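**Student:** Please find the sequence and the predicted model below.
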2 protein chains.
Amino acid sequence: MGQKWKLPILWYLHEAEATRYNELKRRMPGITNTMLTKSLRELEKSGLVVRRSYGTVPPKVDYSLIETGQALLPTLNELYKWGEAHMHGGVSA
Amino acid sequence: MGQKWKLPILWYLHEAEATRYNELKRRMPGITNTMLTKSLRELEKSGLVVRRSYGTVPPKVDYSLIETGQALLPTLNELYKWGEAHMHGGVSA
DNA sequence: CGGTATCCTTGAGGATACTG
DNA sequence: CAGTATCCTCAAGGATACCG
């Protein structure tokens, strides 16, 4: 699960600073709360994303790619392009 | 469509010679005719796989990865591992 | 042998409402 | 603000039967 949004999220996070939940939602047009949360939780579980909660009220939470995450970016890039081109019925000419 | 089988098929084809339909089916435990055919057709359309039909009867058809396809293998490999690890709920410890 | 046709199941993902 | 709970939809994928 999460194919649809995990990559976009990772991709966005790599070029952004720690981003708050709603900001992230705004940046991912079409994503729903359900999917955003699910995706973030799994990315966190798999150790790619860090969730930071500032126990304030109203709540403030932000998400960021792990520092070493920058290293995965080339792979991420390939993954993205390749997947788009060959895994989803994409043909070009 | 095809996420589930396209990669496995490509992966298998890269280390095999031209493979016949039923052989391919045997090598992909669990795949159905529908999916095998669909996947192969799309991989053909996107130019990664070549279908060769020997107009004989009974029919003989085989599939192979395009020659330059070997070049995509590293990417394929990354894609595969990465996808398994981070896109399908895979955690390790 | 190498498929196609048909119908069916399942779960990824979505919409909406609500809450600490 | 940052979610969770609930219900729903739809299409990816599967099962089975049949065909040239």
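**Tutor:** Great, that's in hand. Note that this is a predicted model, so its numbers are computed, not measured. Residues are numbered from 1 along each chain as shown, chains lettered A, B, ... in the order given.

**Student:** What residues does chain A have near DNA strand D?
**Tutor:** When proximity is defined by C-beta under 7 Å from any atom of the strand, chain A lies next to DNA strand D at A:20-23, A:33-34, A:37, A:40-41, A:51, A:58-62. The way it works is simple: take the backbone N, C-alpha and C, and place the C-beta from them, glycine included.

**Student:** List buried members of these by neighbour count.
**Tutor:** A:Tyr21, A:Leu40, A:Val61, A:Asp62 (16 or more other C-beta atoms under 10 Å in any protein chain shown).

**Student:** Going along the chain, name the helices of chain A.
**Tutor:** A:3-14, A:21-27, A:33-45, A:73-86 (DSSP state H).

**Student:** Model confidence score at A:Val49, please.
**Tutor:** Note on A:Val49: pLDDT of 96.

**Student:** Ok, the one 5 residues further on next?
**Tutor:** At A:Tyr54 the predicted local distance difference test score is 98.

**Student:** hang on, the earlier thing: find the pair from the buried ones among the residues of chain A next to DNA strand D with maximum spatial separation.
**Tutor:** Within these, two members stand farthest from each other by C-beta to C-beta: A:Leu40 and A:Asp62, at 10.7 Å.

**Student:** shared neighbours, the two?
**Tutor:** A:Arg51 (C-beta atoms under 8 Å, 6 or more residues apart in numbering or on different chains).

**Student:** What sits closest to A:Trp5 if chain neighbours are left out?
**Tutor:** Nearest non-adjacent residue to A:Trp5, counting by C-beta to C-beta, 6 or more residues apart in numbering or on different chains: A:Ser39, 4.6 Å away.

**Student:** Which positions in chain A make contact with chain B?
**Tutor:** Contact residues (C-beta under 8 Å from any C-beta of the partner chain) of chain A with chain B: A:1-3, A:6-7, A:42-43, A:45-48, A:72, A:75, A:78-79, A:82-83, A:85-91.

**Student:** From the residues you listed, list just the buried residues.
**Tutor:** With burial judged by 16+ other C-beta under 10 Å, the buried subset of the residues of chain A next to chain B is A:2, A:6-7, A:42-43, A:46, A:48, A:72, A:78-79, A:82-83, A:86-87.
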